[in-house]
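**Q** Please find the sequence and the predicted model below.
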Amino acid sequence: MKTSARDNTEGKFHKVKGRIKEMAGKITDNPKLEAKGKAEKAAGRAQEKIGQVKKVFGK
């Protein structure tokens, strides 16, 4: 698997995982868990973008 595809896949995984944590934090009224979820979701978006850039530049 190319690194661009791996970054894209891992980014999507982290976005979903972050979304789940964020929802769990809202449901349980746990602001720390909600914040962790938001941070992981943002990291996933960034990693996905890195994968897209690598794909454009052929790395």
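**A** Perfect, I can see it now.
**Q** Where does the prediction get shaky in this protein?
**A** 1, 59 (pLDDT under 70).
**Q** Just give me the residue closest to the centre of it.
**A** Gly44 (1.8 Å; CA atoms, centre = their mean).
**Q** Could you pull out the helices in the chain for me?
**A** Along the chain, counting by DSSP state H, helices occupy 3-27, 31-57.
**Q** Now do the shortest one: which elements does it pack against?
**A** With contacts defined as 3 or more CB pairs under 8 Å, 6 or more residues apart in numbering; DSSP states H and E, helix 3-27 has these neighbours: helix 31-57. For every residue, glycine as well, the C-beta is placed using N, CA and C.
**Q** Quick one: list the elements packing against the helix it packs on.
**A** Using 3+ CB pairs under 8 Å, 6+ apart: helix 31-57 touches helix 3-27.
**Q** and the helix it packs on, which residues are buried?
**A** Using 16 or more other CB atoms under 10 Å as the test for burial, helix 3-27 gives Ser4, Asp7, Asn8, Glu10, Gly11, His14, Lys15, Gly18, Lys21, Glu22, Gly25.
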